[in-house]
Structures are given as structure tokens and as C-alpha cells.
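> heads up, no residue letters with this:
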């Protein structure tokens, strides 16, 4: 069984920084694209960033220039460095990864349980 476990959320003042981590574990054969999404209360889930296994990144305009995604393929871990945080960044941040486990010949989309990020003074 494959699991994604996030860490690094918390409370930060506007203008501050946080770094999120998400580690994939279990019977992993291969990890393709990894990424982050967020969901605020009463709102739809929103795309934050993705990174391919080759390091190609993608961001929406709302976080471009403030957030940086990176990954360590040897550790099956993805990171999200968040700078210049704003109150509107407050949400549960969820890790996502396309993973082929060792028992199946295809990729499956996995989600983490989420980590709360609150930006407030």
C-alpha cells in the first residue's frame, strides 16, 4: 500500500514563510508527477503546483514568484517552499502524486491527508 504523508504546516504571519514536505512510502515502483493542491473552507480544491519526474514545474498566477516546488527523487519526497504568504493562502494543503506501485502495471493517483496552513496576524 502506498501512502503520502505531509508535514510542515502551521500558523505564520503575513509576509512569512513555510516549507511543506510530502513523503511517499510503501511498495513503490515508480513516481511520476508530484504536486500540491489546497482547499479553503467553503471553496473548491485549487491547483498550487506540480513537478514532473524530470523537474518541469507549473504554477498558477496566484502563487507564481512566491512559491517554489522541488523534489528529491531518491526519497520520493516533494517540497513546497512558500514565501511572502498572504491571508488568502490560508487553506488545507494536500499532496498529490502519480505512483506506480510494485503490484500493478499502471499509475494511480494518490492523495495525502492534508496539512493546515494559516496566515494571520
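That came through, no problem. Nothing here was measured: the structure is a model prediction, and the numbers come from that model.

> all contacts plus neighbour counts: C-alpha atoms, from now on.
Noted.

> OK, contacts around the residue positioned nearest the centre of the chain?
With distances taken as CA atoms, centre = their mean, residue 36 lies nearest the centre of the chain, 2.9 Å away. Contact analysis of residue 36 by CA atoms under 8 Å, 6 or more residues apart in numbering lists 47, 48, 49, 50, 80, 93, 94, 95, 96.

> strands - which of the residues you listed land there?
47, 48, 49, 50, 80, 93, 94, 95, 96 (DSSP state E).

> my guess is residue 75 meets residue 23, correct?
Yes - with contacts counted by CA atoms under 8 Å, residue 75 reaches residue 23, the gap being 7.3 Å.

> which one's more surrounded, these two?
Taking residue 75 and residue 23 together and counting by other CA atoms under 10 Å, residue 23 has the greater number of neighbours (19 against 10).

> buried ones in the helix or strand that contains the more buried one?
If you go by DSSP states H and E, residue 23 is part of strand 18-25. Burial within strand 18-25, assessed by neighbour count using 16 or more other CA atoms under 10 Å, is assigned to 18, 19, 20, 21, 22, 23, 24.

> just stretch 23-35 next, same as before
Quick answer for stretch 23-35 (16+ other CA under 10 Å): 23, 24, 28, 31, 32, 33, 34, 35.

> about what we covered before: can I get the contacts of residue 36 in TSV including neighbour count?
Formatted as TSV, the contacts of residue 36 follow (neighbours: other CA atoms under 10 Å):
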residue	neighbour count
47	18
48	24
49	23
50	24
80	23
93	27
94	25
95	30
96	23
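
> which one of these is nearest residue 40?
Using CA to CA, residue 93 is the member of the contacts of residue 36 that sits closest to residue 40, with 8.8 Å.

> contacting residues for that closest one?
36, 37, 38, 39, 114, 115, 116, 117.
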